[in-house]
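> What follows is a predicted structure for the sequence shown.
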Amino acid sequence: EAQVTQNPRYLITVTGKKLTVTCSQNMNHEYMSWYRQDPGLGLRQIYYSMNVEVTDKGDVPEGYKVSRKEKRNFPLILESPSPNQTSLYFCASSYGGRHYEQYFGPGTRLTVT
Amino acid sequence: SQQGEEDPQALSIQEGENATMNCSYKTSINNLQWYRQNSGRGLVHLILIRSNEREKHSGRLRVTLDTSKKSSSLLITASRAADTASYFCATEGGRNDMRFGAGTRLTVKP
């Protein structure tokens, strides 16, 4: 089954404790991205990747890191999480970039206390 | 900053009625996409309309695009309770990024 998976689905952590949210897709998609969703603000893109080893900042990259060492994986790293990073995070992928249908993962709800 | 902005923010209708949501955007685009999100879940792609298209249909969905007004509309005909969800439009940002609006929350009452 074609899908985007994220782990963990729920995470409660404390300020400053490094964490990684994994994202994997099995569709051989080139374009992958991370979004955060906050009430009233819709989805905001954090980082995106056009292909392996090619990443770029989205709208709200501060406090986040990403890497794209393999085509299927695109982890999101929070090196020193803060409470303002409490949010619902989505990973997405698409075949040919932003001009194509995006497939979304189920989301990761992160709470930073 | 957001590229697309949906209007209205919330819409409540009775089952069987039509629902219309609008999206306005700021810069030139190659295409515009509509997505649906059930509460707290991942977004699901509904339809993509290219800048050289004016109207597109998919089942009970009808999307229009007016590039001169930088606006699009999503019409759901004969709505059902299962259509209750949030609907988002998405467009390209200035580079290879994507921009989503804040969404329209649709409630369809049985």
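Nice, thanks for sending it over. Numbering: from 1, shown residues only, chains lettered A, B, ... in the order given.
> going forward, measure contacts between C-alpha atoms and count neighbours the same way
Noted.
> which neighbours does the worst-scoring helix or strand of chain B on mean pLDDT have in its sheet, and in what orientation?
Between all helices and strands in chain B, the lowest mean by mean pLDDT, DSSP states H and E belongs to strand B:5-7, at a mean of 82. As defined by DSSP bridges, the strand partners of strand B:5-7 come to strand B:19-24 (antiparallel).
> what's the burial count for the closest residue to residue A:35 other than its chain neighbours?
Distances taken as C-alpha to C-alpha, 6 or more residues apart in numbering or on different chains put residue A:45 closest to residue A:35, at 4.3 Å, once the chain neighbours are dropped. Residues lying near residue A:45 (other C-alpha atoms under 10 Å in any protein chain shown) number 25.
> Could you identify the helix or strand that succeeds the host helix or strand of residue A:45?
Assigned by DSSP states H and E, residue A:45 falls within strand A:42-51. Toward the C-terminus, strand A:42-51 is succeeded by strand A:54-57 as the next helix or strand (DSSP H and E).
> got the contact list for residue 11?
No chain was given, so I picked chain A. A:108-111 (C-alpha atoms under 8 Å, 6 or more residues apart in numbering or on different chains).
> sorry, should have said chain B
By C-alpha under 8 Å, 6+ apart, residue B:11 lies in contact with B:19, B:104-107.
> buried ones in the helix or strand it falls within?
Element membership for residue B:11 (DSSP H and E) is strand B:10-14. Neighbour-count burial for strand B:10-14, counted by 16 or more other C-alpha atoms under 10 Å in any protein chain shown, picks out B:11, B:13.
> Tell me how many other residues surround the residue nearest to residue B:19 when sequence neighbours are not counted.
The shortest distance from residue B:19 to any residue other than its chain neighbours is 5.1 Å, reached at residue B:76 (C-alpha to C-alpha, 6+ apart). Residue B:76 has 20 neighbours, counted by other C-alpha under 10 Å.
> Next one, pLDDT for the residue of chain B found nearest chain A please.
Nearest residue of chain B to chain A (C-alpha to the nearest C-alpha) works out as residue B:102 at 3.7 Å. Predicted confidence (pLDDT) at residue B:102: the value is 87.
> Now do the same contact list for it.
A:40-43, B:4-6, B:9, B:88.
> Need the buried ones from these selected in PyMOL.
Here is the PyMOL command that selects the buried residues among the contacts of residue B:102 (16+ other C-alpha under 10 Å):
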select buried, (chain A and resi 42+43) or (chain B and resi 4+5+6+9+88)
